[in-house]
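1. My questions concern the predicted model and sequence given below.
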Amino acid sequence: MVGFILRRIAVSILVLLAASFIMYVLAANSGDPLQDLRDSTAANRDQLIAARVAALDLSVPAPLRYFLWLGGAAGCLIPFAGTCDLGLTISNAPVLDILPTAVGSTLQLVTASFVLAIVLGIVVGVVSALRQYSGFDFGITLLSFFLFSLPSFLVAVLLKEFLALGFNSFLESATSIPIWVIVLLAVVAAVIWQAMIGGSARRRAIVAGTAAAATIALLVYFNVTDWFRNPGFGPVGLLLLIAGVVVITTALISGLSNRRALIVAAANGAISYIAYYVLQGLFDISTVPTIIILIVVAVVVGLITGYLVGAPDRGMTARIGAIVAFFSFALVVLDRYMQSWPAYVDNPRINGRPIATVGAATPGFNGDMWISGIDTFTHLLLPTISLLLISFAGYTRYARAGMLEVMNQDFIRTARAKGLPERTVVMRHGLRNMLIPIVTLIATDVGALLGGAVITEQVFAIPGMGQLFVASIRRVDVNPVMGYFIVIAITAIVFNFLADLAYAALDPRVRVVA
């Protein structure tokens, strides 16, 4: 393993040096960085040109200038190699000052969409594969190809028009969902759920009726309680959601017949539900580190309870306890955010129209952690959905194809022949092996996403990595381009290395050797 890691580091350094040299020379020769000053009519134009030439070493040929840049960049990558210095922009701003801001904006933008696309894509793709050639499978295939073919700028514009402007107008006028919309959503829910569950005609009819009734009841509850202006789970809703987390987690990992696992899951769900009442006062004065500490404590309690109660399979019950604790406490935190929604909407800076269409934050807006978090959410909602829809399509297709291939393998037939439950065959044997190609796709996508969603950032005016790269290329500003390149290259190298290690964890036939 040590030899493998050292060899990969050595190869990565060589690749990084060669690629950075090519990138630097191409960027430096893509135009004239002095063009704006040459066209200037300022009286001190010659002095400005001389100052920029001196600051950026433009008198040195680009191939040699690369090594001057490399001397400063080496201090950022290699300990004791000197001071970290990525140079100046053509506006004399240090690249190290503007790069973290751009990286932070991009991470805020892509993280949620990336995680949701992976989770939803894998879940939907697996269900589609298990219901091969069903109505649900055909519907998901059609939807995936449709979303995959949509241009990102068109998705962004449609979201602005119909989701942001439409929802804001809905809040301003009336928050009562029309009857025809309730009926339509109930029919859609019935069709989707019966296709997902499958089975005999009687079973499908029961599932469809239950889904339609639940949808109608939920939407009527929204109308009666004016939920969109005063959202929240409430004690009853939170209890039902936590119970759902307990049942679903236990059913997927161990099966509901495992009493110890069910007891561990129920205990951690109950602890989170009690925390809903106990911690309300603490939430009022909480900060982000406080919430992170509370979540870590919840997960640790889940691991401990699972280990203590879960004999003989302590590892499995500990995982169940940790997962239930995390998601149950996350629901408690989410409910506290929703309690701050009315105060956010009524803020004069928001003026009753909460869903933003541009920017990463409301200018001049101040508030506590909860209200500030809602402001960030409302600004990132549309670009996150835009990126999610497109990425979801790709992950769904990969997950479906991978699951179909795995489920037709000999070891799956052997597992079924041994009498293993279908849940065990799918979750422990099929899903684990299906994830191998997904790991490769994730490692590739991380670098691309961190590079910035250029079109999405442009449409929603988010100052991320994509906008930094495009603006720097237009101005022939080489140092920010190289700062961008360093971040993307290192991210790609690290995640591809992690993907190689993940192969060995997912597939016991793969071994990492020197």
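-> Perfect, I can see it now.

2. ok, and for the helix or strand Leu26 falls within, which residues are buried?
-> Assigned by DSSP states H and E, Leu26 belongs to helix 2-28. Neighbour counts over helix 2-28 (16 or more other CB atoms under 10 Å) mark 8, 12, 16, 20-21, 23-25, 27-28 as buried. (Each C-beta comes from the backbone N, C-alpha and C, glycine too.)

3. Then stretch 366-383?
-> Neighbour-count burial for stretch 366-383 flags 367, 369-375, 377-383 (criterion: 16+ other CB under 10 Å).

4. Show me what the helix holding Leu26 is packed up against.
-> Judged by 3 or more CB pairs under 8 Å, 6 or more residues apart in numbering; DSSP states H and E, helix 2-28 is in contact with helix 62-77, helix 478-506.

5. Can you add distance to Ser340 and give the ones you listed back as a markdown table?
-> What follows is the helices and strands packed on helix 2-28, written out as a markdown table (distance: least, CB to CB, whole Å):
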| stretch | distance to Ser340 |
| --- | --- |
| helix 62-77 | 39 |
| helix 478-506 | 34 |
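
6. now Leu96: how far from Leu88?
-> Distance of Leu96 to Leu88, given as CB to CB, to the nearest Å: 10 Å.

7. Now the element after the helix or strand hosting Ala208, going C-ward?
-> If you go by DSSP H and E, Ala208 is part of helix 201-225. Next in sequence after helix 201-225, counting helices and strands by DSSP H and E, comes helix 234-253.

8. re the thing from before, between the helix holding Leu26 and helix 478-506, what angle do the directions make?
-> Angular relation of helix 2-28 and helix 478-506 on a 0 to 180 degree scale: 150 degrees, by axes from the mean of the first three to the mean of the last three CA atoms, to 10 degrees.

9. Next SSE downstream of helix 2-28?
-> Helix 2-28 is succeeded, C-terminally, by helix 35-38 (DSSP H and E).

10. I'd like the next helix or strand past that next one.
-> Defined by DSSP H and E, the subsequent element after helix 35-38 is helix 45-56.

11. buried ones in that following helix?
-> 52, 56.

12. What helices and strands are in contact with it?
-> Counting by 3+ CB pairs under 8 Å, 6+ apart, helix 45-56 packs on helix 35-38.

13. so where do the strands sit in the stretch 351-500 of the chain?
-> Shown for the stretch 351-500 of the chain, no strands are assigned by DSSP state E, counting those that start in this stretch.

14. just for it, where's the confidence low?
-> 451-452 (pLDDT under 70).

15. rerun that using 80 as the cut-off
-> Low-confidence segments of the stretch 351-500 of the chain (pLDDT under 80): 360, 444, 447-454, 500.

16. For it, just list every one of the helices.
-> Along the stretch 351-500 of the chain, the segments classed as helices by DSSP state H, counting those that start in this stretch run 369-407, 410-417, 422-424, 431-450, 454-460, 465-474, 478-506.

17. Assign Asn92 to helix, strand or coil.
-> Here Asn92 is recorded as coil under DSSP: H, G, I helix; E, B strand; the rest coil.

18. Burial check on Met316, number of neighbours?
-> 17 (other CB atoms under 10 Å).

19. was I right about it contacting Ile253?
-> Yes: counting by CB atoms under 8 Å, Met316 touches Ile253, with 6.4 Å between them.

20. who touches both of the two?
-> Between them, Met316 and Ile253 share these contacting residues under CB atoms under 8 Å, 6 or more residues apart in numbering: Ala261.

21. and which of the buried residues of helix 2-28 is nearest to Thr424?
-> Distance to Thr424 across the buried residues of helix 2-28 (CB to CB) is lowest for Arg8, with 35.3 Å.

22. rewinding a little: show me which of the buried residues of stretch 366-383 is closest to Ala471.
-> Pro383 (18.2 Å).

23. surely the closest one meets Phe153?
-> No: the criterion here is CB under 8 Å, and Pro383 misses it with Phe153 at 11.6 Å.

24. anything in contact with each of those two?
-> Common neighbours of Pro383 and Phe153 (CB under 8 Å, 6+ apart) are Val459.

25. I'd say Ile320 and Ile248 touch.
-> No: between Ile320 and Ile248 there is no contact under CB under 8 Å: 10.9 Å.

26. out of the two, which sits in the more crowded spot?
-> Neighbour count, other CB under 10 Å: between Ile320 and Ile248, Ile320 has more, with 29 against 14.

27. Return the distance of that one relative to Leu256.
-> Distance from Ile320 to Leu256, by CB to CB: 12 Å.

28. again, but for Val224
-> Taking CB to CB, one finds Val224 at 33 Å from Leu256.

29. How about Gly352?
-> Distance, Gly352 to Leu256, using CB to CB: 46 Å.

30. go on, Leu142?
-> 34 Å.

31. ok and the helix holding Ala208 relative to helix 234-253, angle-wise?
-> 150 degrees.

32. any idea how far helix 201-225 is from the chain center?
-> 30 Å (CA atoms, centre = their mean, to the nearest Å).

33. can you pull the buried residues of that helix?
-> For helix 201-225, by 16+ other CB under 10 Å, it's 204, 207-208, 211-212, 215, 219, 222-223.

34. go on, stretch 337-349?
-> By 16+ other CB under 10 Å, the buried positions in stretch 337-349 come out as 337-341, 344-345, 347.

35. Quickly name whichever of those is closest to Ile486.
-> Using CB to CB, those come closest to Ile486 at Tyr337, 35.7 Å.

36. Pretty sure that closest one sits in a strand.
-> No: using three-state DSSP, the assignment for Tyr337 is helix, not a strand.

37. how close does it sit to Met427?
-> 32 Å.

38. now swap in Ala164 and tell me
-> Applying CB to CB to Ala164 and Met427 gives a distance of 39 Å.

39. same check, this time on Asp226
-> Noted for Asp226: a distance of 41 Å to Met427, by CB to CB.

40. re the thing from before, and the helix holding Leu26, how far out from the chain middle?
-> So, by CA atoms, centre = their mean, the centroid of helix 2-28 is 28 Å from its chain's centroid.

41. rewinding a little: quick one, which of Asp226 and Met427 is more surrounded?
-> A direct count of neighbours by other CB under 10 Å for Asp226 and Met427 places Met427 higher, at 17 against 12.

42. I figured that one hits Leu252, correct?
-> Yes: counting by CB under 8 Å, Met427 does reach Leu252; the two are 6.1 Å apart.
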